[in-house]
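Visitor: just coords:
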Ligand code: KG4
Ligand code: ZN
């Protein structure tokens, strides 16, 4: 044992569900001793999106060095760990399998329990890493590249999904629009950057609200409206302002997310909103929610941008709470690409 850690809970968190290989060492739920993220973004950028086969190969190459670096930076060895937590879904099957099989082997070898983590749950748990004072019930707006959910979070491990996207996720729609505008992958941060120079009122893109009482989302039609505007202009030989389109679409997505979040808060009377997922890094979304919630006496909590996109620290944080419950995975744990929150 490297330090006297016998009475501490030391979790190694591992994330490989998409295009980031990441590992983190976390002490007692909030003391992050190391955090390593190896991103494949530059590899996938030339294809305009994540290529699953390449992603799994990259994870295989980087998995072991990333874990070793996380342990080294924390000044610890496998013998110091209380448990190893790993994402087992949702995500790309090949990518998930690298993490799950690697974590199983390491946990078995180290003689410590294995914890299987739902990636969606971990995005929400990223908030617990930096905010120790969160009290249930909480409402979470989880917006990533693959999911858009409004979730009532009643206690650790107890969720009720109040609304979800019926088609594209918010991040997916931003990525697709960005790609059509000729912007690099991932599109969300590019849309945010380019939108700074644009006029958000320039185009009146639709805001899909669905049925009046629905907390579900639908971003596919909103995305198609932008693509149709672009195609029609191109056919007429007109050039459109990329910053104006980016700013107007970003505004439309944020408007819908904020309006649905406000509806959910009113309906549940919950006083804290957690933002989570890659799109939670969006500045306009944070600022708009901040303004709308402060006048309603609702607290807005969000992770630092580095903990919004995929990372091992959020896996370790979720792992800590599972550890406290003694919620360990069997050695037969498998990747579940379509795993959801029920
Ligand atoms: O959570 P995440 O890293 O991966 C998934 O689990 O999907 O989310 C990635 C998504 C991408 O669609 C990316 O474009 C979006 O998050 N994103 C952003 C920003 N940063 C990342 N969207 C809007 N504004 C940002 N600043
Ligand atoms: Zn994610």
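Guide: Arrived safely, thanks for sending. As the structure is a prediction and not an experimental result, all values here were calculated from the model. Numbers count the residues shown, from 1 in each chain. Ligands and ions are numbered 1, 2, ... in the order given.
Visitor: quick one: find the helix or strand in this structure with the lowest mean pLDDT.
Guide: Least confident helix or strand of the chain, by mean pLDDT, DSSP states H and E, is helix 41-45 with a mean of 92.
Visitor: which residues touch it?
Guide: Applying C-beta atoms under 8 Å, 6 or more residues apart in numbering, the contact partners of helix 41-45 are 19, 50, 51, 54, 55, 58, 184, 185, 186. Placement of C-beta: from N, CA and C, glycine included.
Visitor: nearest spatial neighbour of the residue nearest the centre of the chain, skipping sequence neighbours?
Guide: Centroid-nearest residue in the chain, with C-alpha atoms, centre = their mean: residue 277, separated by 2.7 Å. Spatial nearest neighbour of residue 277, chain neighbours left out: residue 144 (3.4 Å); criterion: C-beta to C-beta, 6 or more residues apart in numbering.
Visitor: wait, what's in contact with that neighbour?
Guide: Counting by C-beta under 8 Å, 6+ apart, residue 144 makes contact with 120, 123, 169, 170, 171, 276, 277, 278, 279.
Visitor: after the least confident helix or strand of the chain comes which helix or strand?
Guide: Sequence-wise, the next helix or strand downstream of helix 41-45 (DSSP states H and E) is helix 52-74.
Visitor: list of residues touching that following helix?
Guide: Here helix 52-74 makes contact (C-beta under 8 Å, 6+ apart) with 12, 14, 16, 18-19, 21-25, 33-36, 38, 40, 43-44, 47, 77-78, 92-95, 97-99, 102, 106, 312.
Visitor: give me the buried subset of those.
Guide: With burial judged by 16 or more other C-beta atoms under 10 Å, the buried subset of the contacts of helix 52-74 is 12, 14, 16, 18-19, 21-25, 33-36, 38, 40, 44, 78, 92-95, 97-99, 102, 106, 312.
Visitor: now intersect these with the strands, please.
Guide: In strands, judged by DSSP state E, the following of the buried ones among the contacts of helix 52-74 are found: 12, 14, 21, 22, 23, 24, 25, 33, 34, 35, 36, 38.
Visitor: for the stretch 51-200 of the chain, which residues are neighbours of ligand 2?
Guide: residue 144 (C-beta under 5 Å from the ion).
Visitor: cool, the stretch 201-342 of the chain as well?
Guide: residue 310.
Visitor: what are the phi and psi angles of whatever residue of the stretch 201-342 of the chain ends up closest to ligand 1?
Guide: The minimum distance from the stretch 201-342 of the chain to ligand 1, using C-beta to the nearest ligand atom, falls at residue 278 (2.2 Å). Phi and psi for residue 278, reported as degrees, to the nearest 10, are phi -50, psi -40.
Visitor: helices of the stretch 101-250 of the chain, start to end?
Guide: For the stretch 101-250 of the chain, the helices defined by DSSP state H, counting those that start in this stretch cover 119-130, 170-180, 187-195, 220-235, 242-268.
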